[in-house]
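**Student:** What follows is a predicted protein model with its sequence.
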Amino acid sequence: MEYIYASLLLHSAGKEISEESIKKVLEAAGIAVDEIRVKMIVAALKEVNIGDVIRQATTLAPAVPAQPTAAASTAPTQTGAKPSEEKKEEEKKEVSEEEISEGISALFG
């Protein structure tokens, strides 16, 4: 993940995403650089427009969970969890693993 973060940081700063620049960012952060991973990320991002990918990712609206009925919102659930705790769990699960993997694969073409 550090290699992708370094690439995003360089993109955000308007710098070229090259092997040398990624190495410098990682070394500045105190991360041991793996030359093969650096080459792989640079090659994978060569044909990718990161700005478009970021815009596309931010336009995907997460699904809005259904509002609980009045009776369900006041009564505790069978597991004993309070409705507010249950709602927090639902909010955490909004983005599916499939959506995450699609987003990551979009970074690599």
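**Tutor:** Everything's here; your move.
**Student:** only C-alpha atoms for contact and neighbour calcs from this point on.
**Tutor:** Fine.
**Student:** For this structure, just list every one of the strands.
**Tutor:** Counting by DSSP state E, the chain has no strands at all.
**Student:** Could you list the single helix or strand in it with the lowest mean pLDDT?
**Tutor:** helix 70-74 (a mean of 54; mean pLDDT, DSSP states H and E).
**Student:** got the domain boundaries for this protein?
**Tutor:** If you go by automatic domain parsing, the domain ranges for the chain are 1-46, 64-109.
**Student:** rank these by pLDDT, which is bottom?
**Tutor:** Confidence, taken as mean pLDDT, is least for domain 64-109 of the domains of the chain (a mean of 59).
**Student:** what about the helices in the chain?
**Tutor:** Secondary structure of the chain (DSSP state H): helices located at 2-12, 19-28, 35-45, 50-59, 70-74, 83-92, 97-107.
**Student:** what angle sits between the third one and helix 19-28?
**Tutor:** Angle, helix 35-45 to helix 19-28, by axes from the mean of the first three to the mean of the last three CA atoms, to 10 degrees: 130 degrees.
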